[in-house]
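Novice: 3D, please:
(chains A and B)
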There are 2 protein chains.
Amino acid sequence: MRELDAVLFDIDDTLCPTTAFAARARHNAVRAMLDAGLRAGEEQVYRELEEVIAEFSSNYEHHFDKLLLRLDHRAVEGLNPALVVAAAVAAYHDTKFRELAPYPGVRELFARLADSGVRVGIVTHGLTAKQAEKLVRLGLVPYIDAAAIFISDQIGVAKPNPKLYLAALKALELAPARVMYVGDNPRNDIAPPKSLGMRTCWARLSDKHAPPQNAAQTPDHEINDFAQLSELLRSRYGLG
Amino acid sequence: MRELDAVLFDIDDTLCPTTAFAARARHNAVRAMLDAGLRAGEEQVYRELEEVIAEFSSNYEHHFDKLLLRLDHRAVEGLNPALVVAAAVAAYHDTKFRELAPYPGVRELFARLADSGVRVGIVTHGLTAKQAEKLVRLGLVPYIDAAAIFISDQIGVAKPNPKLYLAALKALELAPARVMYVGDNPRNDIAPPKSLGMRTCWARLSDKHAPPQNAAQTPDHEINDFAQLSELLRSRYGLG
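Specialist: Sure thing, here's the model as predicted:
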């Protein structure tokens, strides 16, 4: 018998390797700046870029402009800095559009769940346009329930506030115990839905986050890949 | 004998078919919105998008959001509008990155001029990041003199103010009569440099602009393609 009405997912480092992918995109951006004439060492520029991102947040729009301001002025002498920045932005975007892909098995699982009538949804933290673009780029939109996409920026509530998950449950009119949430961050993705009585699954596909630090963060399930999740949903919850 | 020290170019509809290309990108964006579930007619949505762009300017950042606000609310009922917007943005960008290319012969001419020691530069009107990205995407950066790129947004002077061209002449320390400017718009690209004593060439590769309206806008030369410009620079000015 089917025991779940919906499975909701985090996006970053749960459905796709966002962190590893961002590092690759940044490396390509730095190399493009050097190709565009920037006079500095690749490692130095990369480290400076990481500092900018840490200081101004990953969602800040002008990382590469700030990066140039921080380098010795001789690094861009005789160049138009706008061209160096544009080369970086183009390389970053090209990496993004060429390489961003879901973890193996994600699309197949989403397709199977959608076919079987279980609602597939998203609860994610981030900027609306960026998170929505990821879903489009990952090719997952056709399988996701259009009414079951909850982006913190659209709701006005950020993880780990359980109200974000509560908003999803209310909008979908679902009982917490009949909804599973899958995410990679014990603090943000396990503790809050668990506190509402939802089922929780810790996705350990990246090694970004430490294991649960306390009972509140301890998930009902752990998976290392989407084959395991597929099998779990089939054998334990009668899905698909 | 060589009679020019530099040839400076406009970008949009001079080096690449910006207007035709933007129309194609917008059509692809509208189709992506319909694929994402938007319930409206393609022609209606396209016309509405053109109105938004006319009203909010082509450099406004949120055309697609505004477009959704203008449609009947039933057009997005049950959808997350952010996904519809993201589908449009992704389709627009994909068109841009896949299709933006210089007119035939541009790269060859730039390479030949750069090889022969003539300075190849840009004087363009627009937002810094957008114009710089176009040069990167067009693959023209390797041939352009890094110190000879003048973007109105960086200079603080907009076409048709001749001060924009004067800033270029001063920075490059060149005599006006030894510099040619090539552009598609008689009012913005011919009259101002001509008023400073520069050589002017009207590039008629798109049919966006009407012919010169008066003597001030009348160019020294007209070209219909870059083979003609190449031949003109060779035979008349001794370049290459």
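Novice: Report the next helix or strand after the worst-scoring helix or strand of chain A on mean pLDDT in sequence order.
Specialist: Least confident helix or strand, chain A: helix A:81-99 with a mean of 92, by mean pLDDT, DSSP states H and E. As assigned by DSSP states H and E, the chain's next helix or strand after helix A:81-99 is helix A:106-115.
Novice: what's the angle between the least confident helix or strand of chain A and helix B:81-99?
Specialist: Helix A:81-99 and helix B:81-99 meet at an angle of 110 degrees, taking axes from the mean of the first three to the mean of the last three CA atoms, to 10 degrees as the criterion.
Novice: can you list contacts of the host helix or strand of A:T19?
Specialist: Counting by DSSP H and E, the element that carries A:T19 is helix A:18-35. Contacts to helix A:18-35, defined as CB atoms under 8 Å, 6 or more residues apart in numbering or on different chains, come from residues A:11-13, A:40, A:42, A:45-46, A:49-50, A:53, A:58, A:64, A:84-85, A:87-92, A:94-96, A:99-100, A:134, A:206, A:208. Just so you know, the C-beta spots here come from the backbone N, C-alpha and C atoms, and that holds for glycine as well.
Novice: For the buried ones among these, write the corresponding ChimeraX selection.
Specialist: A single ChimeraX command selects the buried members of the contacts of helix A:18-35 (16 or more other CB atoms under 10 Å in any protein chain shown):
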select /A:11,12,13,40,45,46,49,53,64,84,85,87,88,89,90,91,92,94,95,96,100,134,206
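Novice: what subset of the contacts of helix A:18-35 is also close to chain B?
Specialist: When contact is defined as CB under 8 Å from any CB of the partner chain, the contacts of helix A:18-35 meet chain B at A:85, A:87, A:89-90, A:94.
Novice: if we can go back for a sec, centre of the chain to the least confident helix or strand of chain A, how far?
Specialist: Here helix A:81-99 is found 20 Å from its chain centre; the criterion is CA atoms, centre = their mean, to the nearest Å.
Novice: so it versus helix A:18-35, what angle?
Specialist: Using the same axes, to 10 degrees: helix A:81-99 against helix A:18-35 is 140 degrees.
Novice: Determine the set of other helices and strands touching helix A:81-99.
Specialist: Packing partners of helix A:81-99 (3 or more CB pairs under 8 Å, 6 or more residues apart in numbering or on different chains; DSSP states H and E): helix A:18-35, helix A:63-70, helix B:81-99, helix B:128-137, strand B:149-151.
Novice: ok, which residues in chain A are in contact with chain B?
Specialist: Residues of chain A found near chain B (CB under 8 Å from any CB) are A:36-37, A:78-80, A:82-83, A:85-87, A:89-90, A:93-94, A:97, A:128-129, A:131-133, A:135-137, A:141, A:146-147, A:149, A:151, A:154.
Novice: Tell me where the model's unsure across chain A.
Specialist: Chain A contains no residues with pLDDT under 70.
Novice: at 90 what do you get?
Specialist: Across chain A, the ranges flagged by pLDDT under 90 are A:1-2, A:57-61, A:94, A:96-100, A:146, A:207, A:239-240.
Novice: the residue most distant from the middle of it, which is it?
Specialist: Centroid-distance maximum for chain A: A:G78 at 39.1 Å, with CA atoms, centre = their mean.
Novice: Which secondary structure state does it sit in?
Specialist: Here A:G78 is recorded as coil under DSSP: H, G, I helix; E, B strand; the rest coil.
Novice: who's in contact with it?
Specialist: By CB under 8 Å, 6+ apart, A:G78 lies in contact with A:37, B:146-147.
Novice: Which ones among those map onto strands?
Specialist: With strands defined by DSSP state E, no entry of the contacts of A:G78 lies inside them.
Novice: Now rank those residues by neighbours and give me the top one.
Specialist: A:G37 (18 neighbours; other CB atoms under 10 Å in any protein chain shown).
Novice: Pretty sure it sits against B:A146.
Specialist: Yes. Between A:G37 and B:A146 there is a contact at 6.1 Å, judged by CB atoms under 8 Å.
Novice: if I look at those two, which residues touch both of them?
Specialist: Joint contacts of A:G37 and B:A146 (CB under 8 Å, 6+ apart) are A:78-79, A:83.
Novice: ok so, going back, relative to the whole chain's centre, how far out is the helix holding A:T19?
Specialist: That offset, for helix A:18-35, works out to 17 Å (CA atoms, centre = their mean).
Novice: Stretch A:102-112 too?
Specialist: For stretch A:102-112, the distance to the chain centre is 15 Å (CA atoms, centre = their mean).
Novice: got it, and stretch A:220-230?
Specialist: Distance of stretch A:220-230 from the chain centroid (CA atoms, centre = their mean) equals 17 Å.
Novice: Stretch A:124-134 now?
Specialist: On the basis of CA atoms, centre = their mean, stretch A:124-134 sits 8 Å off its chain's mean C-alpha point.
Novice: Of all the residues in that stretch, which ones are buried?
Specialist: A:124-126, A:128-134.
Novice: can you tell me which residues contact A:V182?
Specialist: A:7-10, A:14, A:189, A:200-201, A:203, A:223, A:229.
Novice: Against A:H125, how distant is it?
Specialist: 14 Å (CB to CB, to the nearest Å).
Novice: Just the closest of the shared contacts of A:G37 and B:A146 to B:S116, please.
Specialist: Nearest to B:S116 out of the shared contacts of A:G37 and B:A146 is A:G78 (CB to CB; 20.7 Å).
Novice: For the closest residue to A:Y103 other than its chain neighbours, which phi and psi angles does the backbone take?
Specialist: Residue nearest to A:Y103 in three dimensions, not counting chain neighbours: A:L205, with 5.4 Å by CB to CB, 6 or more residues apart in numbering or on different chains. With angles defined as degrees, to the nearest 10, A:L205 sits at phi -90, psi -30.
Novice: ok, how many other residues are close to A:L205?
Specialist: A:L205 has 19 neighbouring residues, counting by other CB under 10 Å.
Novice: Distance of it relative to B:Y60?
Specialist: From A:L205 over to B:Y60 the distance is 39 Å, taken as CB to CB.
Novice: Now the residue nearest to A:D72 when sequence neighbours are not counted: phi and psi?
Specialist: Excluding the flanking residues, the one nearest A:D72 by CB to CB, 6+ apart is A:A40, at 7.5 Å. Main-chain dihedrals, A:A40, degrees, to the nearest 10: phi -160, psi 170.
Novice: check contacts around A:A40.
Specialist: Residues in contact with A:A40, defined by CB under 8 Å, 6+ apart, are A:34, A:71-72, A:75.
Novice: Most neighbours out of these, which is it?
Specialist: The most crowded member of the contacts of A:A40, judged by other CB under 10 Å, is A:A75 (20 neighbours).
Novice: re earlier: the inter-axis angle of the least confident helix or strand of chain A versus helix B:128-137?
Specialist: Put simply, helix A:81-99 runs at 70 degrees to helix B:128-137, going by the same axes, to 10 degrees.
Novice: contacting residues around helix A:81-99?
Specialist: With contact meaning CB under 8 Å, 6+ apart, helix A:81-99 is reached by A:21, A:24-26, A:28-33, A:35-38, A:64-65, A:68, A:76, A:137, B:93-94, B:97, B:128-129, B:131-133, B:135-137, B:141, B:146, B:149, B:151, B:154.
Novice: Return the members of these classed as buried.
Specialist: Applying 16+ other CB under 10 Å to the contacts of helix A:81-99, the neighbour count classes A:21, A:25-26, A:28-33, A:36-38, A:64-65, A:68, A:76, A:137, B:93-94, B:128-129, B:131-133, B:135-137, B:141, B:146, B:149, B:151, B:154 as buried.
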